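*Asks:* Have a look; sequence and predicted model below, questions after that.
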Amino acid sequence: MEDLFLKSFTCLACGHDFKSPKVRRSKYVVSKVDTDFCTYYKKENPLYYNVNICPVCGYGFTEGFTEPGEKTKEELKNKIFKFNIDFTGKRSIDLAILSYRRAIDCALLQRAKNILLAGLTLHTAWLYRFSGDGEPEKKYLAEALNYYKEAYERDTDVQNIGRMLYLMGDLSRRLGNDREAILFFTRVINDKSINDAGIIRMSRERWQDMRGTK
Ligand SMILES: [Zn+2]
C-alpha cells in the first residue's frame, strides 16, 4: 500500500463522500509504452486506480465524468448495484477490469460523450492486454475505434485531432484493417493543420512498419 494514497471524492450520482486509492506520482516508473500509448509500469499501474467506485451506490466514474441529470440519477439507482467488494486497497487486474466495466456501464446510462467512452473502452482493452486476454482486448479495441470515429465525425469540441487520427490508425492496424489504418496515417501526415511533430513521426513509423511486414 505504500505506493498508494487515498484521495477524497464525492459520488456524482448519490452525493456520498468517500475515498479512493491513487498511485503516488513519485512512484510512477514507466517500463514500456506500446504504439497505442498503453503504458507499462515497473510498480503500481495508475490505470488500475483510474475509476472511483462509490461504496454506497456502486457508481463508477473517472475524471472526465460530469454529473448525471436527475432523471439519469434515478435510472442509475435502478440499474446499478453496490459491489460487495472493497475497492479502497491494492487492486488486482480483475478488480481494475471490473471497475472499468462499471464506469463504461455508467457512462452509457448517462449517454456520455463519445470521446469519454473511447478512452474508457481503450483503457479496458489495455487491461485485458496486461492480463494476456486477446479476445476481449480486440473487442474493446474495436469499440474504442468506433467511439473515436463517432467523435471525429460528429463532435465539434474534440481536442488534439492529430493524436486521435493516429490512434484510429493504430487501432485499425491492430484489428487487421491495414487499408483503413493507412488512410488515417496519411491524413495525419498530409493535414497541414496538424503540427504535432511527434504524432506525424509516429504515423510515418507505423505506416513503414506495415509496409515492412507485407
Ligand atoms: Zn454513490
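*Replies:* Sure thing, it's come through. Model, not experiment: these values are computed from the prediction.

*Asks:* By neighbour count, which bits of the longest helix along the chain are buried? Give me those.
*Replies:* Of all the elements of type helix in the chain, the one with the most residues (DSSP state H) is helix 134-154. Within helix 134-154, the residues that qualify as buried by neighbour count (16 or more other C-beta atoms under 10 Å) are 137-138, 140-149, 151-152. For every residue, glycine as well, the C-beta is placed using N, CA and C.

*Asks:* This structure against the ion: which residues are in contact?
*Replies:* Taking C-beta under 5 Å from the ion as the contact definition, the chain meets the ion at 11, 13-14, 16, 54, 56-57, 59.

*Asks:* Next step: those residues restricted to helices.
*Replies:* Filtering the residues of the chain next to the ion for membership in helices, criterion DSSP H, returns an empty set.

*Asks:* what's the burial count for residue 120?
*Replies:* The local packing count at residue 120 equals 29, with neighbours defined by other C-beta atoms under 10 Å.

*Asks:* residue contacts, it?
*Replies:* Residues counted as contacts of residue 120 (C-beta atoms under 8 Å, 6 or more residues apart in numbering) are 62, 100, 103-104, 107.

*Asks:* Please give the element, helix or strand, for it.
*Replies:* Under the criterion of DSSP states H and E, residue 120 resides in helix 114-130.

*Asks:* what's the closest non-adjacent residue to residue 83?
*Replies:* Using C-beta to C-beta, 6 or more residues apart in numbering and skipping the chain neighbours, the partner closest in space to residue 83 is residue 58 (5.7 Å).

*Asks:* Can you report phi and psi for the one you found?
*Replies:* Per-residue torsions, residue 58: phi 90, psi 0 (degrees, to the nearest 10).

*Asks:* how near is it to residue 77?
*Replies:* Residue 58 sits 10 Å away from residue 77, taking C-beta to C-beta, to the nearest Å as the criterion.

*Asks:* With neighbour numbers in mind, choose between the two.
*Replies:* The neighbour comparison of residue 58 against residue 77 (other C-beta under 10 Å) goes to residue 58, with 23 against 14.

*Asks:* which residues touch the longest helix of the chain?
*Replies:* By C-beta under 8 Å, 6+ apart, the surrounding residues in contact with helix 134-154 are 113-115, 117-119, 121-122, 124-126, 128-129, 158, 161, 164-165, 167-168, 171-172, 174-175.

*Asks:* Which helix or strand lies directly C-terminal to the strand or helix carrying residue 188?
*Replies:* Using DSSP H and E, residue 188 falls within helix 178-190. Elements were assigned by DSSP H and E; along the chain past helix 178-190, the next helix or strand is helix 197-213.

*Asks:* Buried residues of that next one, list them for me.
*Replies:* Buried-residue list, helix 197-213, by 16+ other C-beta under 10 Å: 199-200, 202-203, 206-207, 210.

*Asks:* how about these in a markdown table, adding pLDDT and distance to residue 47?
*Replies:* Listed next are the buried residues of helix 197-213 as a markdown table, based on pLDDT from 0 to 100; distance: C-beta to C-beta, whole Å:
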| residue | pLDDT | distance to residue 47 |
| --- | --- | --- |
| 199 | 96 | 21 |
| 200 | 96 | 26 |
| 202 | 97 | 21 |
| 203 | 97 | 24 |
| 206 | 95 | 23 |
| 207 | 92 | 28 |
| 210 | 86 | 27 |
